[in-house]
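Trainee: Let me see the structure of the following:
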Amino acid sequence: MFAVVRIRGSIGLNKARKDTLNMLNLTRVNHCVVIREDPSYTGMLRKIENYVTWGEITKETLEKLVLKRGRVTGNKKIEPEKVKKITETILKDKSVKNTPLKPVFRLHPPKKGYKSIKVLYPKGDAGYRGEKINELLKKMI
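Mentor: Residues are numbered from 1 along each chain as shown. Got it, this is the predicted structure:
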C-alpha cells in the first residue's frame, strides 16, 4: 500500500496534472490518501511526482493515521476500539472504499517543515521515498 501526500499547491499546474490530482482525491496541500500498489496508480504518481511524495506505509503508521486523522461522515472521529478492524479491512482490501472512512486524511504541515518541496527525494521532499514516508507521516499526524 502506498501513502500519498500532496506537498505543493495548484498555481501554474497544467490541466492533465490537476485532473490526476483530483482523481486521487488530493485537492489540497497536506492531504493524504492510501492507495494500492499497481501499474495504473504508479503511472499517475510518476506524472505528478513534483507535487506529491509517496511510499510504502507500515501497519503501525496506518493505525495511527486512522486513529488520529480518520473521519467518518459528519466529520466524526473513529472510536478507538474500531481502529484495528478498519486497519485490517484497509490492508486486506487494499482500499479505503469498503470502510466507513472518508478517502482523504487531512494532515498538519510537518513539524520542523519540509526540506524543499521543489526538489525530488533525497535532497528534497517531492517524489518517491519508500519506507521513509512513515517518518514524514509521523511528523504530520
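
Trainee: which other residues reach the strand or helix carrying Lys84?
Mentor: Assessed by DSSP states H and E, Lys84 sits inside helix 83-93. Contact with helix 83-93 is made by 1, 34, 59, 62-63, 66-67, 70, 78, 96, 98-101, as judged by C-beta atoms under 8 Å, 6 or more residues apart in numbering. For glycine as for every other residue, the C-beta is placed from the backbone atoms N, C-alpha and C.

Trainee: Tell me the spacing between the most far-flung residue of the chain relative to its centre and Asn98.
Mentor: No residue in the chain sits farther from the centre than Glu81, which is 23.1 Å out by C-alpha atoms, centre = their mean. Computed as C-beta to C-beta, to the nearest Å, the Glu81 to Asn98 distance reads 19 Å.

Trainee: From the contacts of helix 83-93, pick the one nearest Glu135.
Mentor: For these, the minimum distance to Glu135 (C-beta to C-beta) is 14.3 Å, reached by Leu62.
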